[in-house]
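Engineer: could you look at this predicted model? Sequence included:
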Amino acid sequence: MKNQLTVFFALVIMSSTVFAQNTSTTKMTETNSVSSQGIRFGVVKSTLDASSESSSKGSAKQQNSTKVDETYGLSMGYASLPLESIGWTANVTFLRLTIGNSVADIARIDGNLAYAFNKYIHLKGGLNGSKFTRGDSVVELDAGLGGQLSLGLQFDQNFGLDVGYTELHQSGQIDTGFSNLKVETKLSGLEVGLHATF
């Protein structure tokens, strides 16, 4: 009986060891099969140009363009970037824009399809929707549809950098007190984002 118990416990220990090794190997395989995956937090810095086109009843269209002095923001989202396969990312970003003495805030939601060439480099692009949430009369504008394209550099599975082009659109009616202006705006330019994924 004693010998049987000894053999039994020996088998249990061996089985546990093999199971632990297999589990560890599986986790390593799953981890090594993605460039990055998980909830993502980031900081964003953009260099944007702003252009607008406005018109009112009985008047000609007017076009204006200017450079945004400063744009920065915070983002939160999710990334799933399997190696050598189609992945995706989705983010909510809050941007603050400064033009002269004026400050405006924008909320942006974006979704992207991505492809990770290896564990360090991926390419992604998609659509976004954005809306002014602060900034004089521009808050009267409706949300618009834009897009973005970026190259991603992954330092490791947790930390990375995105460099790309983004374009945001809004349109709508603005009441000036004298007339209703029909306005279309576009913000476009380069954007750099540092992110951490967990």
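Structural biologist: All right, it came through fine. Numbering: from 1, shown residues only.

Engineer: for residue 175, which non-adjacent residue is closest in space?
Structural biologist: Among residues not flanking residue 175 along the chain, residue 140 sits closest, at 7.2 Å (Cβ to Cβ, 6 or more residues apart in numbering). The C-beta positions use only the backbone N, C-alpha and C, and glycine is treated the same way.

Engineer: quick check: the gap between the one you found and residue 125.
Structural biologist: Taken as Cβ to Cβ, to the nearest Å, the spacing of residue 140 relative to residue 125 amounts to 30 Å.

Engineer: then residue 154?
Structural biologist: The separation that residue 154 has from residue 125, given Cβ to Cβ, amounts to 17 Å.

Engineer: more neighbours: those two, which one.
Structural biologist: residue 154 (23 against 15; other Cβ atoms under 10 Å).

Engineer: run through the residues that contact residue 144.
Structural biologist: Contacts for residue 144 were tallied using Cβ atoms under 8 Å, 6 or more residues apart in numbering; they are 129-131, 168-171, 185.

Engineer: next step: those restricted to strands.
Structural biologist: 129-131, 168-171, 185 (DSSP state E).

Engineer: farthest-apart pair in these, please.
Structural biologist: Checked with Cβ to Cβ, the ones in strands among the contacts of residue 144 reach their widest spread between 129 and 185, with 14.0 Å between them.

Engineer: neighbour-wise, which of these two wins?
Structural biologist: Under the neighbour definition other Cβ under 10 Å, residue 129 and residue 185 were set side by side, and residue 185 has more, 20 against 16.

Engineer: surely the more buried one is in contact with residue 141?
Structural biologist: Yes - taking Cβ atoms under 8 Å as the contact criterion, residue 185 and residue 141 are neighbours in contact, 6.6 Å apart.

Engineer: give me the common contacts of those two.
Structural biologist: Residues touching both residue 185 and residue 141 by Cβ under 8 Å, 6+ apart: 170-171.

Engineer: grab the most central residue of the protein for me.
Structural biologist: Centre of the chain computed as the mean C-alpha position; nearest residue by Cα atoms, centre = their mean is residue 91, 4.2 Å away.

Engineer: got the phi/psi numbers for residue 100?
Structural biologist: With angles defined as degrees, to the nearest 10, residue 100 sits at phi 60, psi -120.

Engineer: could you pull up the residues touching the residue lying closest to it once chain neighbours are set aside?
Structural biologist: Closest residue to residue 100 apart from its sequence neighbours, by Cβ to Cβ, 6+ apart: residue 69 at 6.9 Å. When the contact criterion is Cβ under 8 Å, 6+ apart, the partners of residue 69 are 98-100.
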